[in-house]
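Asks: missing the sequence, but the structure's below:
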């Protein structure tokens, strides 16, 4: 099996933990965040930096986004140098943010025209102890 390349956009409180877990499981991970400093822990563990969501999408088989809300999701997906500009056919984008179903349906139409799939998979979580986070996902 070929190696899977993962892209992760949004390295805040929740995204950071999910991204680091992927890196620690030895996946090839490319990261992007509007605040490059938020990516430092991932970069120190071996992740690769992408300057834009487009660049990240060009390098990724699976793209995860963990963003504050629908406005940010839409901007990252379809804004200037967005995921849509770099995603390849047969790639998958999983949005882990709490977004709007209407937005995700609209984006599904746009992304399917490029041969890519999207998954609306919001995640919620809480800090379970000093070193861990418990996350719950909904598909």
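Replies: Right, received. Where do you want to start? These numbers were taken from a predicted model, which means no experiment stands behind them.

Asks: all strands of this structure, in order?
Replies: For the chain, the strands defined by DSSP state E cover 5-9, 28-32, 48-49, 62-65, 92-95, 117-120, 123-129, 132-137.

Asks: thought residue 123 was touching residue 18?
Replies: Yes: with contact defined as CB atoms under 8 Å, residue 123 reaches residue 18; the gap is 7.5 Å. For every residue, glycine as well, the C-beta is placed using N, CA and C.

Asks: can I get the strands of the chain in CSV including mean neighbour count and distance to residue 38?
Replies: CSV is the format used below for the strands of the chain (neighbours: other CB atoms under 10 Å; distance: least, CB to CB, whole Å):
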stretch, mean neighbour count, distance to residue 38
strand 5-9, 26, 11
strand 28-32, 24, 9
strand 48-49, 16, 11
strand 62-65, 24, 14
strand 92-95, 21, 18
strand 117-120, 18, 23
strand 123-129, 12, 17
strand 132-137, 12, 16
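
Asks: let me have the ones you listed in CSV, extended by distance to residue 81.
Replies: Output for the strands of the chain, formatted as CSV (distance: least, CB to CB, whole Å):
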stretch, distance to residue 81
strand 5-9, 12
strand 28-32, 10
strand 48-49, 14
strand 62-65, 14
strand 92-95, 15
strand 117-120, 18
strand 123-129, 25
strand 132-137, 28
